[in-house]
Every structure is written in structure tokens, then in C-alpha cells.
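S.K.: Structure of the sequence below:
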Amino acid sequence: MSNQKQTIEKGIIKSIQGNRATVEIIKPDTKECKSCGTCAGIENKSNFLEVNAIPGLVVGQQVTLQIVERSPYKSVILLLILPIISLLIGSLIGQKIHFIYTGSQDIRMLFCGFVFFALSIFAVSMYDKKIRSKKQPHQKIISIDILNNYNLITR
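M.R.: Numbering: from 1, shown residues only. Below you'll find the model as predicted:
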């Protein structure tokens, strides 16, 4: 499930603030660009990424970025399949217990299924917040392109 695709892109440093740099992606005309999710279908507009800055960066430099695309399968399982499984398990548990609403088995199944469904949605949202707080870099600068920085030297 941890299948990752790595893409190499060229970009220009637009701003540096502390240890973060804003990079404008220079988009090539390749078929691989259409399948990548980084640009999200932007055709003529500029695409900016925020990455960790490395020592020696200057505004206007051209850099090479490595972009790691994560596999969507884990997200699909967490968002679609887990709540449905939780709903079914909750319904089965509601069928077996008799202390919630003794008059109707259907209401017990519905109530327990809904509770388990809501708990799974809550658990998925907590997991998502935990993953986002780690701030794992999916894009990073792997090299500074010295040959294309001649205009910085002449300033």
C-alpha cells in the first residue's frame, strides 16, 4: 500500500521566509505532467509549492525538486470502506444486545450501526489531523541548478 511515485520538476525560487521557500514550478509539456497530481490541472497559471529551504538559496535561483506522490489506496480504505464495515459491525452488535431498546431489534441495529459509523468517521478525522500535523515533506529541493543562475551573478 505504500506505493510511491517520484517526479523530478524544475522550479524557480520566488521567496524565502525563514526555513521555508516558495518555488514556482516550470511546467514541461509532457504526458507525465497530466498524470501527476501536483499541478492539479492548472494549464497556464503559475503553480507554487512551499518546501523546506536549503542553505545557499537565493530568490530567482532555478532548483530541481523531487515530488513524492503518495498512493491513494490507504485514503480510500480509511474514508470509504472503514465506515461501512463499522456500520455493519455496529448493526450486528445491536442485534445481539438487548438492554438499549427491548421492543425492537431493528431500532437497536440502526442505533448501534449509526454509533459505530459516527465513531469511525471521528477516528478517521483524528488520524487525518495527526498525519497533517507531522508535516512530512512530499516535495523537497534536491539540487540548485547553477548553470541557469547566470543572471544572479551579473546583479
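S.K.: Now stretch 91-101: buried residues?
M.R.: Ser91, Gly94 (16 or more other CB atoms under 10 Å). In short, each C-beta sits where N, CA and C put it, glycine included.
S.K.: let me redo that: stretch 72-91
M.R.: Applying 16+ other CB under 10 Å to stretch 72-91 flags Leu82, Pro83, Ser86, Leu87, Gly90, Ser91 as buried.
S.K.: distance between that stretch and the chain's centre?
M.R.: Stretch 72-91 sits 19 Å away from the centroid of its parent chain (CA atoms, centre = their mean, to the nearest Å).
S.K.: And the contacts of the host helix or strand of Gln95?
M.R.: Assigned by DSSP states H and E, Gln95 belongs to helix 82-96. With contact meaning CB atoms under 8 Å, 6 or more residues apart in numbering, helix 82-96 is reached by 100, 105, 108-117, 119-121, 124.
S.K.: what's the answer for stretch 99-111, then?
M.R.: Contacts for stretch 99-111 (CB under 8 Å, 6+ apart): Ser91, Leu92, Gly94, Gln95, Ile97, His98, Cys112.
S.K.: As JSON lines, those residues with distance to Ile26 and pLDDT would be great.
M.R.: Listed next are those as JSON lines, based on distance: CB to CB, whole Å; pLDDT from 0 to 100:
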{"residue": "Ser91", "distance to Ile26": "53", "pLDDT": "91"}
{"residue": "Leu92", "distance to Ile26": "55", "pLDDT": "93"}
{"residue": "Gly94", "distance to Ile26": "57", "pLDDT": "88"}
{"residue": "Gln95", "distance to Ile26": "60", "pLDDT": "88"}
{"residue": "Ile97", "distance to Ile26": "61", "pLDDT": "85"}
{"residue": "His98", "distance to Ile26": "66", "pLDDT": "78"}
{"residue": "Cys112", "distance to Ile26": "55", "pLDDT": "92"}
